[in-house]
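Q: How does the following fold in three dimensions:
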Amino acid sequence: MSHAMNHERRLRRSVLGLLAGAVLLPAWMQVHAQASDAQSAATPEAIEMVRRADEIRFPRESFQTEITIRNLSDGQQTDQRKFRILSRGNDNTIVLTTEPASERGQALLMRGRDLWIFMPSVSQPVRLSLAQRLTGQVANGDLARANFAGDYTPSIIGEETLDGQAAIVLDLVAVDRSVTYSRVKYWIAEQDKRPLKAEFYALSGRLLKTALYEDFKELAGRLRPTRLVMEDALKRGEVSVLTYETMNIRDLPERMFTREYLRRLEQ
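A: Residues are numbered from 1 along each chain as shown. The predicted structure is shown next:
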């Protein structure tokens, strides 16, 4: 009887595994097909444009920036949070929560595309997805990893005039499923290659949210967008406004970006 029950359990697990594979396989195949098509459509010009826009948004060198995020619903502020970001290149980032006081000491650590959250009340770090929501319309990856050039394969799909500026429109396809969004439609100013607008899409093709890059000011040695407005595509009026208060080049050693060091990092 026991042998028969064990056999039945193994058979049930096998069937469930096959069903799960049948559900996930089309999604994996879609991602692979999109990435392959994008690679064949990518041009050196498109790749260079995205790289230059990345360098306008953030320095290539190690830096520290302070960000305030205000969440609004129909124009009324519902929440405000503050973060300190320490970034070394495109692959190592620490996001420290500085406000509200109840969440001070909470930190995100990104190495490559691996992301963990550290909380004072929890002894072990917890693995997170870049696509998981951090606050309002802001995903973890929006703060922890902003490397469009490394995460997406771009192709030029047209030209438009956006608020009186001539813009090149690009289609960015995720290199794999680990990045924050499956696809991004990206508007870059034709004249100076500033980022102007982005639309972020899910694997299903559904538009998730729209972002506008605004209020260009000098930060860390060059003109950069200091205000990012992200609006939910389905719930009109649900908006998050990211304001970059300061940004400074700072030497950040590799040893800082480890789980061991983060426990000792001053908040």
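Q: Can you name the next helix or strand after the helix or strand bottoming out on mean pLDDT in the chain?
A: Within the chain, no helix or strand scores below helix 2-41, which has a mean of 46 by mean pLDDT, DSSP states H and E. Going down the chain from helix 2-41, the next helix or strand is helix 44-57, by DSSP states H and E.
Q: Report the next helix or strand after that following helix in sequence order.
A: Tracing the chain past helix 44-57, the next element assigned as helix or strand by DSSP H and E is strand 63-73.
Q: Now D79: which helix or strand?
A: strand 76-88.
Q: Using CSV, list the CA coordinates for that strand.
A: Written as CSV, here are the backbone C-alpha positions of strand 76-88 (Å, rounded to 0.1, in the frame of the first residue of the first chain):
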residue,chain,number,x,y,z
GLN,A,76,-3.3,64.5,-4.2
GLN,A,77,-0.1,63.3,-2.5
THR,A,78,-0.7,60.0,-0.8
ASP,A,79,2.9,59.1,0.3
GLN,A,80,6.4,60.4,0.3
ARG,A,81,9.7,58.4,0.6
LYS,A,82,13.4,59.2,0.4
PHE,A,83,16.2,57.0,-0.7
ARG,A,84,20.0,57.2,-1.0
ILE,A,85,21.5,55.3,-3.9
LEU,A,86,25.2,54.3,-4.1
SER,A,87,26.1,53.0,-7.5
ARG,A,88,29.4,51.5,-8.9
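Q: so what strands line up beside it?
A: Paired strands of strand 76-88, with direction, are strand 63-73 (antiparallel), strand 92-99 (antiparallel) (DSSP bridges).
Q: Show the average pLDDT along the first one.
A: Strand 63-73 shows an average pLDDT of 97 in the prediction.
Q: Over to the last one?
A: Averaged across strand 92-99, the pLDDT comes to 95.
Q: Flag every buried residue along that strand.
A: Within strand 92-99, the residues that count as buried by 16 or more other C-beta atoms under 10 Å are 92-98. Heads up, the C-betas are built off the backbone N, CA and C, glycines and all.
Q: Can you tell me which of these is closest to D151?
A: Comparing the buried residues of strand 92-99 against D151 with C-beta to C-beta picks out T93 as the nearest, at 13.2 Å.
Q: Work out for me the element the residue nearest the centre of the chain sits within.
A: Closest to where the C-alpha atoms of the chain average out (C-alpha atoms, centre = their mean) is G141, at 2.7 Å. G141 is part of helix 140-144, with elements assigned from DSSP H and E.
Q: which residues are in contact with that helix?
A: Under the contact criterion C-beta atoms under 8 Å, 6 or more residues apart in numbering, helix 140-144 has outside partners 67, 83, 85, 93, 95, 108, 110, 115, 128-134, 179-181, 230, 242.
Q: Any idea what the closest residue to Q191 other than its chain neighbours is bridged to?
A: Nearest residue to Q191, sequence neighbours excluded (C-beta to C-beta, 6 or more residues apart in numbering): A166, at 6.8 Å. Beta bridges link A166 to T161, judged by DSSP bridges.
Q: Contact partners for A166?
A: So A166 contacts 159, 189-191 (C-beta under 8 Å, 6+ apart).
Q: Packing partners of whichever helix or strand comes after the helix holding G141?
A: Once the chain leaves helix 140-144, the next helix or strand it forms, by DSSP H and E, is helix 148-151. On a contact count with 3 or more C-beta pairs under 8 Å, 6 or more residues apart in numbering; DSSP states H and E, helix 148-151 meets helix 44-57.
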